[in-house]
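>>> fold the stuff below for me.
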Amino acid sequence: MSFEEAKEVLKNESEDFARIYRKHRELDKKILELEERRFLTPDEELQEKRMKKDKLRLKDKMAEMIKAYQTN
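Got it, this is the predicted structure:
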């Protein structure tokens, strides 16, 4: 099973995975909104960095879950 296929199965079968996936997408949208602005305040820059770190952490968690699913 491919990575993408496993991701789709987990989105439908795992409440935890679906929650993490939704949060990842939500952060992605918020980051894109900030990146579209011409200038960011120092607080917004800090917020953007935090969101990027959180998004990466969630991506790593999803990859872990997918890998575990594929090996079962």
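>>> which residues in the protein form helices?
Under the criterion DSSP state H, helices of the chain are mapped to 3-13, 15-36, 42-71.
>>> you'd agree Leu27 is up against Leu56?
No - applying Cβ atoms under 8 Å, one finds Leu27 not in contact with Leu56, separated by 9.5 Å. (Glycine included, C-beta is placed from N, CA and C.)
>>> in JSON lines, list the helices of the chain along with mean neighbour count.
Formatted as JSON lines, these follow (neighbours: other Cβ atoms under 10 Å):
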{"stretch": "helix 3-13", "mean neighbour count": "13"}
{"stretch": "helix 15-36", "mean neighbour count": "13"}
{"stretch": "helix 42-71", "mean neighbour count": "13"}
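>>> any chance of these in a markdown table with mean pLDDT as columns?
Formatted as a markdown table, the helices of the chain follow (pLDDT from 0 to 100):
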| stretch | mean pLDDT |
| --- | --- |
| helix 3-13 | 96 |
| helix 15-36 | 97 |
| helix 42-71 | 97 |
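>>> who's in contact with the closest residue to Met65 other than its chain neighbours?
Closest residue to Met65 apart from its sequence neighbours, by Cβ to Cβ, 6 or more residues apart in numbering: Phe17 at 5.4 Å. If you count contacts by Cβ atoms under 8 Å, 6 or more residues apart in numbering, Phe17 has them with Leu10, Lys11, Met62, Met65.
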